[in-house]
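Engineer: based on what follows, work out the 3D shape:
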Amino acid sequence: MQTKKTLVDWFELRRKLFHIALGIVLITLIYLSILSWISAGIILMIGVIISLVAKNITIPIITPLLDWFERPHHREFIPGRGVITIFLAVTLLLLFFEKNIILASLAIWTLGDSISALVGMHYGRIRHPFNSHRLLEGTIAGIICGTLGAMLFVPWYDALGAAIIAMLFESADITFFGHDIDDNFLVPIVSAIVITIIGLIGV
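Structural biologist: Predicted coordinates:
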């Protein structure tokens with residue numbers, strides 16, 4: 001067990017508030033049929049180019065935003081990694097999944113992933129059984145909030161099943177060729193797959 005935290009990590013708090021705000025914007029744009037897979041793909045490509053440039057050159061507005069929101073170890077490897085990976089996920093979601101599944105998956109990412117981190121960081125005390133670097137209270141909070149958000153778009157059992165599986169994947173720190181798979185990609189994609197499978201088996 002771990003001593004309860006009392007100090008607010010303002011850096012992580014503003015990162016997660018940005019995460020939630022971006023998620024709400026994406027959900028709104030997709031709900032209104034404004035964002036397509038083509039436009040999401042274009043934004044993704046622009047983001048990759050900006051990331052490559054920002055690695056070595058100071059860019060007005062972009063560099064200060066990276067200073068404000070980006071974790072240093074991510075910035076050294078891929079500046080803006082979080083935004084790039086969520087737009088990669090959104091592009092794939094728009095290509096392969098139905099609208100309500102996309103919206104529910106993004107709701108789980110928007111609320112579940114963010115709340116999980118914040119609750120675990122500031123209030124967690126019990127080590128996660130699958131990952132000693134995570135805290136169980138955070139995962140439970142993420143499941144609850146992700147489920148509630150996804151229920152706006154899909155039945156409760158779809159929302160709950162997807163939130164549980166996605167948050168378990170999120171807590172596992174899955175790697176690919178030695179690199180962590182970003183939660184911004186993993187959580188919405190896993191959520192969409194789980195909702196689709198539940199629908200196929202007729203639960």
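
Engineer: any chance you could map the strands in this protein?
Structural biologist: Remark: strands assigned in the chain by DSSP state E are 127-128, 131-135, 175-176, 179-180.

Engineer: is it true that Arg81 touches Ile181?
Structural biologist: No: when contacts are counted by C-beta atoms under 8 Å, Arg81 is not listed as touching Ile181 (11.3 Å). (Each C-beta comes from the backbone N, C-alpha and C, glycine too.)

Engineer: so what sits against both of these two?
Structural biologist: Common neighbours of Arg81 and Ile181, using C-beta atoms under 8 Å, 6 or more residues apart in numbering, do not exist here.

Engineer: and the longest helix seen in the chain, C-alpha only, in CSV?
Structural biologist: For the chain, the helix with the greatest residue count under DSSP state H is helix 10-31. Only the C-alpha atoms of helix 10-31 are listed here, as CSV (Å, rounded to 0.1, in the frame of the first residue of the first chain):
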residue,chain,number,x,y,z
TRP,A,10,-0.4,20.9,-11.5
PHE,A,11,1.5,19.8,-14.6
GLU,A,12,-0.4,16.5,-14.8
LEU,A,13,-3.6,18.3,-13.9
ARG,A,14,-3.3,20.7,-16.8
ARG,A,15,-2.3,17.9,-19.2
LYS,A,16,-5.4,15.9,-18.3
LEU,A,17,-7.7,19.0,-18.5
PHE,A,18,-6.3,19.6,-22.0
HIS,A,19,-6.9,15.9,-22.7
ILE,A,20,-10.6,16.2,-21.6
ALA,A,21,-11.1,19.4,-23.6
LEU,A,22,-9.6,17.9,-26.8
GLY,A,23,-11.8,14.8,-26.3
ILE,A,24,-14.9,16.9,-26.0
VAL,A,25,-14.0,18.8,-29.1
LEU,A,26,-13.4,15.6,-31.1
ILE,A,27,-16.6,14.0,-29.9
THR,A,28,-18.6,17.2,-30.9
LEU,A,29,-17.0,17.4,-34.3
ILE,A,30,-17.7,13.8,-35.0
TYR,A,31,-21.2,13.9,-33.6
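
Engineer: mind listing residues that contact it?
Structural biologist: By C-beta under 8 Å, 6+ apart, helix 10-31 touches 35, 68-69, 71, 82-83, 86, 90, 94, 99, 102-103, 106-107, 109-111, 113-114, 117-118, 121.

Engineer: can you flag the buried ones in those residues?
Structural biologist: 35, 69, 82-83, 86, 90, 94, 102-103, 106-107, 109-111, 113-114, 117-118, 121 (16 or more other C-beta atoms under 10 Å).
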